[in-house]
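Participant: okay, sequence plus prediction incoming.
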Amino acid sequence: MPDSAGPAKGHRIFAAVYDRMSAPVEQAVLGPRRASLVGPLTGRVLDVGAGTGANLPHYRAADEVVALEPDPAMRRRLAARTDECRVPLTVDPSGADALPATDGSVDAVVFTLVLCTVPDPVRALAEARRVLRPGGRLVALEHVVGDGRPAVWRRRLAPLWSRIAAGCRLDRDTAATVGAAGFTLDEVEHLTVGPAWAPTARLVQLRATAAPASR
Ligand SMILES: C[S@@+](CC[C@H](N)C(=O)[O-])C[C@H]1O[C@@H](n2cnc3c(N)ncnc32)[C@H](O)[C@@H]1O
């Protein structure tokens, strides 16, 4: 199991409270966005760091979804709700740094609330680009550092937050990292959920296309 997945038994407390903790914002904001991001994806889809499976009920058009989750505590919960997925689904323990797919064999890669937590987002995105076919889609919904004064103190709080929130970083600028990783950003939407000063209030939702390998 990768280090980022924490102790050998996983982040058991985080896994136990995750769904309850996120329920209000999930219902009001994240759920509909998950549906619009992952619902239309077709072909073979990798859902990286699938957690407890919040995206599962929203897949509608994919031929196959592989839900990757290296943390055993999260993965147990994910595996317990596979029947909520309406398309063929496989659960896999691989992490973002070594995706279980050959070059150019995947139609879409999904990151939701996970590029904040993977230890090396540049590597994760390089892996996504490797496995995606030319023109393949990357979709993401992530909390980010944002700007202005909230960004200043998110950067200050990031090391402490990472220790208490299973490695989650508050100081990432995910849209910029995706752009730098060789993706064309097709749509980028920034949104604020709840009070602007809240640690995870600033989100980015994006759709991107894997550029041809020669670029
Ligand atoms: C905040 S949760 C988000 C879960 C889910 N994607 C969602 O939208 O609710 C972050 C997830 O990233 C997973 N994770 C941590 N390190 C990872 C890595 N290196 N590769 C893949 N997933 C990882 C964690 O185990 C956790 O399930």
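Facilitator: On my side now, so go ahead.

Participant: what comes into contact with the top helix by length along the chain?
Facilitator: Secondary structure of the chain read by DSSP state H shows that its longest helix is helix 148-164. Residues external to helix 148-164 that are found in contact with it (CB atoms under 8 Å, 6 or more residues apart in numbering): Val145, Gly146, Cys168, Arg169, Leu170, Asp171, Ala196, Trp197, Pro199, Ala201, Arg202. From N, CA and C alone the C-beta is placed, and that goes for glycine too.

Participant: so the last one touches Gly146, yeah?
Facilitator: Yes. Counting by CB atoms under 8 Å, Gly146 is a contact partner of Arg202 at 3.4 Å.

Participant: need the overlap of contacts for these two.
Facilitator: By CB under 8 Å, 6+ apart, the residues touching both Arg202 and Gly146 are Arg154, His190, Thr192.

Participant: let me have those in TSV, extended by neighbour count.
Facilitator: Shown next, in TSV, are those (neighbours: other CB atoms under 10 Å):
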residue	neighbour count
Arg154	25
His190	13
Thr192	13
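
Participant: okay, those residues in TSV with distance to the ligand and pLDDT next?
Facilitator: As requested, those are arranged in TSV below (distance: CB to the nearest ligand atom, whole Å; pLDDT from 0 to 100):
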residue	distance to the ligand	pLDDT
Arg154	16	98
His190	18	97
Thr192	18	96
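
Participant: distance of the residue of the chain found nearest the ligand relative to Ala210?
Facilitator: Sorted by distance to the ligand under CB to the nearest ligand atom, the residues of the chain start with Gly51, at 2.4 Å. The spacing between Gly51 and Ala210, counted by CB to CB, to the nearest Å, is 24 Å.

Participant: before we move on, back to that, quick one, which of Arg202 and Gly146 is more surrounded?
Facilitator: Counting neighbours by other CB atoms under 10 Å for Arg202 and for Gly146 shows that Arg202 has the greater number, 23 against 20.

Participant: where exactly do the helices run in the protein?
Facilitator: Assignment of helices within the chain using DSSP H yields the ranges 12-25, 31-38, 72-79, 121-131, 148-164, 174-180.

Participant: shaky segments in this protein?
Facilitator: Under the criterion pLDDT under 70, the flagged ranges of the chain are 1-7, 213-215.

Participant: in it, spot the strand with the most residues.
Facilitator: Taking DSSP state E as the criterion, the chain has its longest strand at strand 132-143.

Participant: buried ones in that one?
Facilitator: When neighbours are counted by 16 or more other CB atoms under 10 Å, the buried residues of strand 132-143 are found to be Leu132, Gly136, Arg137, Leu138, Val139, Ala140, Leu141, Glu142, His143.

Participant: surely the last one and Leu203 touch.
Facilitator: Yes. In this structure His143 lies within contact range of Leu203 using CB under 8 Å: 5.3 Å.

Participant: circling back: farthest pair within the buried residues of strand 132-143?
Facilitator: Spanning the widest gap among the buried residues of strand 132-143 are Gly136 and His143, at 24.4 Å by CB to CB.

Participant: one step back: neighbours of the residue of the chain closest to the ligand, how many?
Facilitator: Other residues within reach of Gly51 by the criterion other CB under 10 Å amount to 23.

Participant: try Ser105
Facilitator: Other residues near Ser105 number 15, with proximity taken as other CB under 10 Å.

Participant: quick check: closest non-adjacent residue to it.
Facilitator: For Ser105, ignoring the flanking residues on the chain, the nearest one in space by CB to CB, 6 or more residues apart in numbering is Val131 at 6.1 Å.
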